[in-house]
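Student: Coordinates for the following, if possible.
(chains A and B)
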Amino acid sequence: MKKLQKLTGGIMVGVTAASVIIIIAVIIIMLAVIIIGGKDTMSWEFLTTFPEDGMTKGGIFPALFGTALMVIIMSIAAVPFGTITAIYLTEYARESSILSKSIHFAVRALAMVPSIIFGLFGLGFFIKFVGGGIDDTFLGGQLKWAQPNILWASLTMALLTLPVIIVSVEESIRSVPRELREASLALGATKWQTILHVVLPGSRAGILTGTILAVSRGAGEVAPILFTGAAYYLATLPTSVSDQFMSLGYHIYIMSTQSSNVDQTLPIQFATTMVLLMLTFVLNFVAVIIRARLRREQ
Amino acid sequence: MKEGKIKSRDLTLFYGQKMALNSITMDITSKHVTALIGPSGCGKSTFLRTLNRMNDLIPNVKITGEVLIDDFNIYNKQVDVVNLRKKIGMVFQKSNPFAKSIFENVAYGPKINGIHDKKRLTEIVELSLHRAAIWDEVKDRMHDSALGLSGGQQQRLCIARTLAVDPEIILMDEPASALDPISTSKIEELIFHLKENYTIIIVTHNMQQAARVSDYTGFFYLGELVEFGRTKKIFTNPEKKQTEEYITGRFG
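Tutor: From the prediction side, this is the model:
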């Protein structure tokens, strides 16, 4: 009997070790292919110049800029809203109330929606309905806001990343010990003062982590910005929220499906992918570090 | 609030269907130390928390009866609970300093009350730390994190934090139970000095502590106030048999 148990144990160790090795191997192969394909094209110039010659040469600066700008606007929209929702869910709503359960359900549902649906929603709601409404009411029917631009794209992306922020902040708020809240209240603070001065500062880790994860996600997603603001090629950088923008993810898609000269664009594709991967990796890494540091402090 | 005189009249508390306090009637003398003793689960902490309405935070709690502070019922519908808690401070069983600096911890209360003048805040913080007998140990690290202090120091910091709000009554829920004997005696000494200016009510499961530190003692059992009187009398010549049995260690 013991021999069988030992054998089974050994097999399990072997199987789990094998799966770990396979996963790591796949990642290494993926990274290797991308790095080998893109390393020659990667350079400071690549990151800071515009594409040239029908995007068969040059750099990806406008895509980098566009992605960064979009992600900033997205965060400004999503982080405060997500934080306030999380505060409501943890501090004010009774867990068993219908409102609380509905909000939790909505957050879960939002997280499950395929990203292309967000794109369609952005088109229908932000561009046609809100943008159209603004144009009709304030601009006398002139077409300005009822078209794709970086504002609508960022707001659409904000909806996509909202669940990530809410969940992260909620978890963080819940981890602030009850004793600290009691101490604050016992000193004569109101509930809101307690939230502002004790609970939120204690949730910094979660808010930051949620934000960084949201940014990391938003930087890479393409479907939501497909119809809501991303452009194939722009000769100038966006200067107002009503302008369109270029994005890293969309750029990769364009390069791989609509390029005029595959030999020349292939290295650019690889390099752009490398940039996006590095960006995502760095952001996630930073999130992990910050979270670990702040958790240790508390 | 002027004197810090507390009375409870027929105070009854239910957690859902369970009765935790049964018609407690008690008079607490101001500027003295009153100890509440009794076995675990007898209601003494619950009673303490009714005095600053901290039980309001628990759902499914039902409270009837009155708690009168300077002859004013604090369970009156119009009472501003937030204001009430500024006059009644509370020190908890396990010290709970904020994850802020020592200075910021003590300044928290005054800041909440609208005091932002740096000079004034520094005065209040220093005075409170002195009164809590911890000034010498922290004066050189006021801006270090409070979490770096030892357990006993953290508890005295929490006392300083409570004093900074200038309450008239201080509630202490087993303040020394998590501390070593030396820290415990420091806190007991502190209580002895504090009673000159504050009405103190201390819940303790340590009978020797109650005997050392308090002027009056109330013995709780199963949610009822079995006996209340001068500490000396309770410990040398109690009237109820139950009290005597508890004091002599026959149960609890």
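Student: which bits of chain B sit near chain A?
Tutor: Counting by CB under 8 Å from any CB of the partner chain, chain B comes close to chain A at B:52, B:54, B:57, B:59, B:82-87, B:89-90, B:92, B:94, B:96-100, B:108-109, B:112-113, B:145, B:158, B:161-162, B:165. Placement of C-beta: from N, CA and C, glycine included.
Student: Would you confirm that residue A:73 contacts residue A:151?
Tutor: Yes: assessed by CB atoms under 8 Å, residue A:73 is found in contact with residue A:151 at 6.7 Å.
Student: Direction included, what does the host helix or strand of residue B:65 pair up with?
Tutor: According to DSSP states H and E, residue B:65 maps onto strand B:61-69. Within its sheet, strand B:61-69 is paired with strand B:6-15 (antiparallel), strand B:72-73 (antiparallel), according to DSSP bridges.
Student: Start and end of stretch B:61-78, how far apart?
Tutor: Criterion CA to CA, to the nearest Å; first-to-last residue distance in stretch B:61-78 is 19 Å.
Student: So what touches that stretch?
Tutor: With CB atoms under 8 Å, 6 or more residues apart in numbering or on different chains as the contact definition, stretch B:61-78 has outside contacts at B:1-15, B:23-24, B:50-51, B:53, B:55, B:79, B:84, B:87-88, B:169.
Student: so who does the residue in the stretch 51-200 of chain B that chain A sits nearest to touch?
Tutor: Using CB to the nearest CB, residue B:86 is the residue of the stretch 51-200 of chain B that sits closest to chain A, at 3.3 Å. Residue B:86 sits next to A:187, A:188, B:109, B:113, B:165, B:167 when contact means CB under 8 Å, 6+ apart.
Student: got a markdown table for those, with neighbour count and pLDDT too?
Tutor: Below are those laid out as a markdown table (neighbours: other CB atoms under 10 Å in any protein chain shown; pLDDT from 0 to 100):
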| residue | neighbour count | pLDDT |
| --- | --- | --- |
| A:187 | 24 | 95 |
| A:188 | 23 | 93 |
| B:109 | 27 | 94 |
| B:113 | 16 | 91 |
| B:165 | 23 | 94 |
| B:167 | 24 | 93 |
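Student: ok, and for the strand holding residue B:65, which residues are buried?
Tutor: Across strand B:61-69, burial judged by 16 or more other CB atoms under 10 Å in any protein chain shown covers B:61, B:63, B:65, B:66, B:67, B:68, B:69.
Student: Could you give the bridge partners of the first one?
Tutor: Beta-bridge partners for residue B:61, by DSSP bridges, are residue B:15.
Student: who's in contact with whichever residue of chain A sits closest to chain B?
Tutor: In chain A, no residue comes nearer to chain B than residue A:188, which is 3.3 Å away by CB to the nearest CB. Contacts for residue A:188 (CB under 8 Å, 6+ apart) come out as B:82, B:83, B:84, B:85, B:86, B:87, B:109, B:112, B:113, B:165.
Student: would the fourth one count as being in a strand?
Tutor: What it means is residue B:85. No: counting by DSSP: H, G, I helix; E, B strand; the rest coil, residue B:85 is located in no strand; its state is helix.
Student: hang on, it packs against residue A:185?
Tutor: Yes: under the criterion of CB under 8 Å, residue B:85 is in contact with residue A:185, at a separation of 6.5 Å.
Student: So for the helix or strand containing residue A:31, what gets flagged as buried?
Tutor: Remark: residue A:31 resides in helix A:2-38, with elements defined by DSSP H and E. Residues A:34, A:35, A:37, A:38 are the ones in helix A:2-38 that count as buried (16+ other CB under 10 Å).
Student: could you dump those to TSV with pLDDT?
Tutor: Listed next are the buried residues of helix A:2-38 as TSV, based on pLDDT from 0 to 100:
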residue	pLDDT
A:34	89
A:35	88
A:37	85
A:38	84
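Student: Give me the distance between the nearest residue to residue A:224 once chain neighbours are set aside and residue A:222.
Tutor: Nearest non-adjacent residue to residue A:224, counting by CB to CB, 6 or more residues apart in numbering or on different chains: residue A:118, 4.2 Å away. Distance, residue A:118 to residue A:222, using CB to CB, to the nearest Å: 11 Å.
Student: Among these two, which residue is more densely surrounded?
Tutor: Between residue A:118 and residue A:222, counted using other CB atoms under 10 Å in any protein chain shown, residue A:118 has the larger neighbour count: 23 against 18.
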